[in-house]
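1. The following block contains a protein sequence and its predicted model.
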Amino acid sequence: MRRALRGDLNGALRRAAGLALVLALASGLACGSSIENDPILRLSAEESLAEGKRLLAAEKYARARPYLTHAFEVEPNSAAGRESLLLVADTLYLERGETNLIQAEAKYRDFQNRFPTSDRAAYVQFQIANSLAQRVERPDRDQSATLKAVTAYEDLLRLYPTSDYVDEARAGLETVRNHLAEHEFVVGRFYLRFGLPSASAKRLEGLLDRFPAYSERDKALYHLALAYRELDRDDDAQATFGRLSTEYPGSRWATRIPKENR
């Protein structure tokens, strides 16, 4: 009985060893086959980075990305690896499209988390903001990306006030804040149209207070005055129409002020 059990055990061990050998050989062959089928895997980080940069310069973003990804994966902490990770994000950003912009933001944040003291930190923060700004929805839609873009631009101006991207960041911030203001106007006008003048007035008052650089303040003033009229706040309506005609005398909205309020 013992001999039989010992024989069964030895046989099982031999079979297991044989299976392990087969699997190891198969794995080796697969690796060799992968390298043969994908020449990128034979390149060093520097070689792969150079080819990725060549394709990027030729605006072949999708073709450049595998080379840059390989360069980062081979040497993630080297200078070539760091540059490659950043360029992967750039290819996604430059290719545009909702999915690519989401992935670009993720790659920039990955770089930011891995290399927080990089001399490219200001650029990375700028590109995070730009990736979000490119994804803003229409004023009547959800403004989550717009709010995040505002924060990202403000973070750049706060953290890197002397960087080369400050002027562009200020312009980007003004654009996305204007977009948020337009969203507030759309909501305020919606309330007015559907018989909710109190909610409309509150929204439009907040718009004028929070967004002094809003490019269509004349439009907001006109509709705020209408909301006041609906609320029988005649003095407030008259004062608001007066602001409109004084501050924006050439505005098309000023020409629409009712005769009794001029």
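-> Nice, I can see it.
2. all helices of the stretch 51-200 of the chain, in order?
-> Under the criterion DSSP state H, counting those that start in this stretch, helices of the stretch 51-200 of the chain are mapped to 61-74, 79-95, 98-114, 121-133, 144-159, 166-193, 197-210.
3. Give me the helices and strands touching the shortest one, please.
-> Counting contacts by 3 or more C-beta pairs under 8 Å, 6 or more residues apart in numbering; DSSP states H and E, the secondary-structure elements packed against helix 121-133 are helix 79-95, helix 98-114, helix 144-159, helix 166-193. Where C-beta positions appear, they are placed from N, C-alpha and C, glycine not excepted.
4. Grab the CA positions of that helix and hand them over as CSV.
-> Provided in CSV are the C-alpha atoms of helix 121-133 (Å, rounded to 0.1, in the frame of the first residue of the first chain):
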residue,chain,number,x,y,z
ALA,A,121,4.9,71.4,-13.2
ALA,A,122,3.5,74.8,-14.3
TYR,A,123,3.0,73.4,-17.8
VAL,A,124,1.3,70.3,-16.5
GLN,A,125,-1.1,72.4,-14.4
PHE,A,126,-1.9,74.6,-17.4
GLN,A,127,-2.7,71.6,-19.5
ILE,A,128,-4.9,70.1,-16.9
ALA,A,129,-6.9,73.3,-16.9
ASN,A,130,-7.0,73.4,-20.7
SER,A,131,-8.1,69.7,-20.9
LEU,A,132,-11.1,70.6,-18.7
ALA,A,133,-11.8,73.9,-20.5
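5. ok so, going back, which one, of the helices and strands packed on helix 121-133, ends up nearest to A254?
-> Closest of these to A254 is helix 166-193, at 17.0 Å (criterion: C-beta to C-beta).
6. elements contacting the closest one?
-> Counting by 3+ C-beta pairs under 8 Å, 6+ apart, helix 166-193 packs on helix 121-133, helix 144-159, helix 197-210, helix 217-230.
7. So which of the ones you listed is nearest A71?
-> Ranking these by proximity to A71 (C-beta to C-beta) places helix 121-133 first, at 17.9 Å.
8. In a markdown table, list the helices and strands packed on helix 121-133 along with mean neighbour count and mean pLDDT.
-> Below are the helices and strands packed on helix 121-133 laid out as a markdown table (neighbours: other C-beta atoms under 10 Å; pLDDT from 0 to 100):
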| stretch | mean neighbour count | mean pLDDT |
| --- | --- | --- |
| helix 79-95 | 21 | 97 |
| helix 98-114 | 18 | 98 |
| helix 144-159 | 18 | 98 |
| helix 166-193 | 18 | 98 |
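9. Let me have those in CSV, extended by distance to L231.
-> Below are those laid out as CSV (distance: least, C-beta to C-beta, whole Å):
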stretch, distance to L231
helix 79-95, 47
helix 98-114, 41
helix 144-159, 30
helix 166-193, 11
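10. Which of those sits closest to K202?
-> Of all these, helix 166-193 comes closest under C-beta to C-beta, at 8.2 Å.
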